[in-house]
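# just coords:
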């Protein structure tokens, strides 16, 4: 029995060694011939390509597992060889995607994270515990650099009422910030810091966004967890949210988690470009029903226009019609029994350009200079293409008479604070 047990133990040990050798072979990558050729450097990851040694050509095919013997050529069709991985990053901004570029969200975050900062709103409060009136932290938010000159974008409501601004970089460095200007209508502000910045990011084209597209948000929730990263998808575009300081039209809806402190932070697509500035989250409807995953961001096309105006002029001069309006959709038009499907319904009119041109309450503005007013091109967005003093042609449907009118309006300048 002892001899038999020893034999069995020896057999078992031999079997383990054989299995171990076989396992190591299956996990190995590449192999070399006796003539000294370099081994294949491909890995078994479907979303990564390991560059070949310097001087050798890199394969355009993401590596995949194969059961073919080592040393044999794998047959791959030309179409398969040119298929791109799901995640592609063009972080050098040259319009071309190098297949050796970044292929993970972690790589993307590492690349853009230095441009994202925490913004501290400090205000002077008097009182028993603050006799000197020293600035105290009144709120925190997020911002991000859009140029190497030190200009960064955040929300208006992040900097509102500030006496001083502090900016904290991702590495913990803290510097003073100077408020360049604000635009309350779009809930945007621009801050300037002196000296070298740790990084900056590019604004993308928000008009190309589609529902279902993956996005990531970076921000400082609660002011305590700086540069927190969350992921989600675009849930909707062209949204309107009432009852906020933010632009209520044409917002991007997404489900990447955002919380107080995320305000002013960037919303990235997977090419590393900013397509939105996070501004608010809806957690409850008017009738008290709770909601989850309803985050909203100001589209980058609006951010670009506003930030450029602030940097160049210190403010945003907006054209002014002198009306309060409600954007209508086909559903709303049917409910209101209006014979047009899209447009801006005039609900209130003030003395000013529109009143002077003959616009009335309950009129529906359907076009500006021939451009249709709809959920994708709101009245606010279309007006922003013009300057105070420009004369535009409004196409107006008058529900009381069923007429369609053409009215020429000379735009005024939007009063400060509106």
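That came through, no problem. The structure presented is a predicted model; accordingly, all values stated were derived computationally and were not measured. Numbering: from 1, shown residues only.
# for the stretch 251-400 of the chain, what spans make up the strands?
251-254, 266-268, 274-281, 295-299, 319-320, 323-328, 343-349, 363-368, 371-372, 391-398 (DSSP state E, counting those that start in this stretch).
# Hmm, I typed the wrong one, I wanted the stretch 51-200 of the chain.
Using DSSP E, counting those that start in this stretch, strands in the stretch 51-200 of the chain cover 116-124, 135-145, 151-154, 164-168, 174-183, 188-192.
# before we move on, back to that, how about a markdown table for the strands of the stretch 251-400 of the chain, with distance to residue 186, mean neighbour count and mean pLDDT added?
(Glycine included, C-beta is placed from N, CA and C.) Formatted as a markdown table, those follow (distance: least, Cβ to Cβ, whole Å; neighbours: other Cβ atoms under 10 Å; pLDDT from 0 to 100):
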| stretch | distance to residue 186 | mean neighbour count | mean pLDDT |
| --- | --- | --- | --- |
| strand 251-254 | 10 | 26 | 95 |
| strand 266-268 | 15 | 29 | 98 |
| strand 274-281 | 9 | 26 | 95 |
| strand 295-299 | 6 | 27 | 96 |
| strand 319-320 | 14 | 20 | 92 |
| strand 323-328 | 16 | 19 | 88 |
| strand 343-349 | 17 | 19 | 93 |
| strand 363-368 | 19 | 23 | 95 |
| strand 371-372 | 20 | 14 | 94 |
| strand 391-398 | 21 | 18 | 96 |
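# Between those strands, which one is closest to residue 219.
Closest of the strands of the stretch 251-400 of the chain to residue 219 is strand 274-281, at 6.4 Å (criterion: Cβ to Cβ).
# re earlier: could you export the strands of the stretch 251-400 of the chain to CSV, including columns for distance to residue 239?
Written out in CSV, the entries for the strands of the stretch 251-400 of the chain read as follows (distance: least, Cβ to Cβ, whole Å):
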stretch, distance to residue 239
strand 251-254, 4
strand 266-268, 13
strand 274-281, 11
strand 295-299, 6
strand 319-320, 23
strand 323-328, 11
strand 343-349, 16
strand 363-368, 20
strand 371-372, 19
strand 391-398, 24
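# so which of these comes closest to residue 111?
Comparing those by Cβ to Cβ, strand 266-268 comes nearest, at 10.0 Å.
# Roughly how far does the residue nearest the centre of the chain sit from residue 361?
Geometric centre of the chain, nearest residue: residue 267, 2.3 Å, by Cα atoms, centre = their mean. For residue 267, the distance to residue 361 equals 37 Å [Cβ to Cβ, to the nearest Å].
# quick one: low-confidence ranges for the chain?
Applying pLDDT under 70 to the chain flags the ranges 1-103, 126-133, 242-248, 286, 417-418.
# care to break it down by domain?
Domain segmentation of the chain under automatic domain parsing yields 206-302, 319-413.
# want to throw those into a markdown table with distance to residue 193?
Below are the domains of the chain laid out as a markdown table (distance: least, Cβ to Cβ, whole Å):
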| stretch | distance to residue 193 |
| --- | --- |
| domain 206-302 | 15 |
| domain 319-413 | 28 |
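# Please name whichever of these is nearest to residue 168.
Comparing those by Cβ to Cβ, domain 206-302 comes nearest, at 6.8 Å.
# can you tell me the distance between the two ends of that closest one?
From its first residue to its last, domain 206-302 covers 9 Å (Cα to Cα, to the nearest Å).
# Just checking the distance from that domain to the centre of its chain.
Put simply, domain 206-302 sits 7 Å off its chain's centre (Cα atoms, centre = their mean, to the nearest Å).
# Run a quick neighbour tally on residue 135.
17 (other Cβ atoms under 10 Å).
# was I right about it contacting residue 164?
Yes - taking contacts as Cβ atoms under 8 Å, residue 135 lies within contact range of residue 164: 4.7 Å.
# hey, what's in contact with both of those two?
Contact criterion Cβ atoms under 8 Å, 6 or more residues apart in numbering; residues shared by residue 135 and residue 164: 122, 123.
# which one is the residue nearest to the centre of the chain nearest to, not counting chain neighbours?
residue 276 (3.7 Å; Cβ to Cβ, 6 or more residues apart in numbering).
# Quick check: bridge partners of that neighbour?
residue 267, residue 299 (DSSP bridges).
# hang on, the earlier thing: to residue 289, which of the strands of the stretch 251-400 of the chain lies closest?
strand 274-281 (15.0 Å).
# which of the domains of the chain is buried the deepest?
domain 206-302 (a mean of 20; mean count of other Cβ atoms under 10 Å).
# ok so, going back, relative to residue 393, which of the strands of the stretch 51-200 of the chain is closest?
Judging those by Cβ to Cβ, what sits closest to residue 393 is strand 174-183, at 26.5 Å.
# Partner strands of the closest one, with direction?
Assessed with DSSP bridges, strand 174-183 is paired to strand 164-168 (antiparallel), strand 188-192 (antiparallel).
# what angle separates the last one from strand 295-299?
On the basis of axes from the mean of the first three to the mean of the last three Cα atoms, to 10 degrees, strand 188-192 is oriented at 70 degrees to strand 295-299.
# hang on, the earlier thing: right, so of the domains of the chain, which gets closest to residue 158?
That would be domain 206-302 among these, by Cβ to Cβ, at 4.7 Å.
# Next, work out how far apart the nearest residue to residue 386 once chain neighbours are set aside and residue 160 are.
Of all residues not flanking residue 386 in the chain, residue 319 sits nearest, at 5.1 Å (Cβ to Cβ, 6+ apart). Distance, residue 319 to residue 160, using Cβ to Cβ: 24 Å.
# what residues are up against residue 221?
228, 258, 259, 260, 261, 262.
# Surely the fifth one touches residue 142?
Read it as residue 261. Yes - counting by Cβ under 8 Å, residue 142 is a contact partner of residue 261 at 6.8 Å.
# shared neighbours of the two, which are they?
Contacts common to residue 261 and residue 142, judged by Cβ under 8 Å, 6+ apart, are 219, 220.
# right, and the residue nearest to residue 267 touches residue 297 too?
Yes - when contacts are counted by Cβ under 8 Å, residue 276 is listed as touching residue 297 (3.0 Å).
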